[in-house]
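Participant: Pasted the sequence and its predicted model underneath.
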Amino acid sequence: MGATEEDYNFVFKVVLVGESGVGKTNLLARFTRNEFNHESRTTIGVEFSTRTVLLGAAAVKAQIWDTAGLERYRAITSAYYRGAVGALLVFDITKHQTYDAVERWLKELYEHAEAAVVVMLVGNKTDLAQAREVPAEEARMFAERNGLLFAETSALDATNVELAFESVLKEIFSKVQKQKERGGAAGTVELGGEHAGSAAPARPERRPCCLPL
């Protein structure tokens, strides 16, 4: 389920948020490069990777941003969230304190991202199910109460990683299509904010980036 990098109709900015060590960088690497690094160290410096997926006849380029280790200093700035139309809010199913922090992250997301941001709650590290501290049903109910999508994943063995990212992209795409049907301007598709250019039909862009694709 892919397309060439330069041939796409939309660019959607998706951010990864959550406590340090929950596996955000490995989720990003698994989805965009099908890699997992057992020696994964804290990322330093904001970075993002892209991957283009086909949703029906449309090619959608996901630009996925990683918090780059700043979350441990609570130093994530509004620039990180700006223009984000999707988010994966990640916790570690084996560490309850990472789940306890979810509400704070959700509040921060809603303060800084687009008004119509699509959020999925992600319980990562299902490969360590024997050490589980957060019941799936508890997290699922929290997601339902707060209008979030929900999935449990393993970046290590790739379980549900595609499903999680693609579910978020499909939901964003669905919102864009509905807005177009309601008569959004032909040139741009806004998802609720002045910075929603990331949801606009894209022109091919070439810009240097820190990561190999």
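Facilitator: Here it is on my side, so go on. Everything numeric in this text was worked out from a predicted model, so none of it was measured.
Participant: Only the C-alpha atoms, please, for the longest helix along the chain, written as PDB.
Facilitator: Criterion DSSP state H: the longest helix present in the chain is helix 161-181. Extracted C-alpha coordinates of helix 161-181, given in PDB (Å, rounded to 0.1, in the frame of the first residue of the first chain):
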ATOM      1  CA  VAL A 161       1.500  -0.400  13.600                       C
ATOM      2  CA  GLU A 162       0.200   0.000  10.000                       C
ATOM      3  CA  LEU A 163      -3.400  -0.200  11.300                       C
ATOM      4  CA  ALA A 164      -2.800   2.600  13.800                       C
ATOM      5  CA  PHE A 165      -1.200   5.100  11.400                       C
ATOM      6  CA  GLU A 166      -3.600   4.300   8.600                       C
ATOM      7  CA  SER A 167      -6.700   4.500  10.800                       C
ATOM      8  CA  VAL A 168      -5.600   8.100  11.700                       C
ATOM      9  CA  LEU A 169      -4.900   9.000   8.100                       C
ATOM     10  CA  LYS A 170      -8.200   7.600   6.900                       C
ATOM     11  CA  GLU A 171     -10.100   9.600   9.600                       C
ATOM     12  CA  ILE A 172      -8.300  12.800   8.600                       C
ATOM     13  CA  PHE A 173      -9.000  12.100   4.900                       C
ATOM     14  CA  SER A 174     -12.600  11.500   5.700                       C
ATOM     15  CA  LYS A 175     -12.900  14.900   7.400                       C
ATOM     16  CA  VAL A 176     -11.200  16.600   4.400                       C
ATOM     17  CA  GLN A 177     -13.600  14.900   2.000                       C
ATOM     18  CA  LYS A 178     -16.600  16.000   4.100                       C
ATOM     19  CA  GLN A 179     -15.300  19.500   4.200                       C
ATOM     20  CA  LYS A 180     -14.900  19.600   0.400                       C
ATOM     21  CA  GLU A 181     -18.500  18.400   0.000                       C
END
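Participant: Quick check: buried residues in the helix or strand bottoming out on mean pLDDT in the chain?
Facilitator: The weakest-scoring helix or strand in the chain, judged by mean pLDDT, DSSP states H and E, is helix 78-81 (a mean of 86). Counting neighbours by 16 or more other CB atoms under 10 Å, one finds that the buried residues in helix 78-81 are 80-81. Backbone N, C-alpha and C define where each C-beta goes, glycine included.
Participant: tell me what that helix is packed against?
Facilitator: Secondary-structure packing of helix 78-81 (3 or more CB pairs under 8 Å, 6 or more residues apart in numbering; DSSP states H and E): helix 102-112.
Participant: Now do the helix it packs on, average pLDDT.
Facilitator: For helix 102-112, the mean pLDDT works out to 94.
Participant: Which neighbouring elements make contact with that helix?
Facilitator: Partner elements for helix 102-112 (3+ CB pairs under 8 Å, 6+ apart): strand 10-17, helix 78-81, strand 84-92, strand 118-124.
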